[in-house]
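Asks: Dropping a prediction and its sequence here:
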Amino acid sequence: MVIYQKWSEAKARRQRRGQTLVEYALIIAALAIVAVAVLSAVGGTTFNIYSTIINEQVARTQTGS
C-alpha cells in the first residue's frame, strides 16, 4: 500500500509540473502575440519617422548645409 501511495504522489507531482510548463508556454505565446500586434501597429509609424530623418539628412548633405 505504501508503494502505491508513493507512486501516486510522484505521479501527481509530475502532472503538476506538466501543467506549470503548459501554463508558461501559454503565457509566452500570449506575450508573443501581443508583441507582434504592437509591432505591426507601430511599425509603419516608426518606419515613416526614420525615413523622414534619413531623407532630411540626405537633403542636408546634398545642399551642403
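Replies: Looks like it came in fine.

Asks: so where's the chain shaky on pLDDT?
Replies: Low-confidence segments of the chain (pLDDT under 70): 15-18, 64-65.

Asks: any idea where the helices of it begin and end?
Replies: All helices of the chain, identified by DSSP state H, fall at 2-63.

Asks: Centroid-nearest residue for it?
Replies: Ala32 (3.2 Å; Cα atoms, centre = their mean).

Asks: list the contacts for it?
Replies: Under the criterion of Cβ atoms under 8 Å, 6 or more residues apart in numbering, Ala32 has no neighbours. Just so you know, the C-beta spots here come from the backbone N, C-alpha and C atoms, and that holds for glycine as well.

Asks: how close does it get to Glu23?
Replies: For Ala32, the distance to Glu23 (Cβ to Cβ, to the nearest Å) stands at 15 Å.

Asks: ditto for Asn55
Replies: 47 Å.

Asks: and if you look at Thr52?
Replies: In terms of Cβ to Cβ, Thr52 sits 44 Å off from Glu23.
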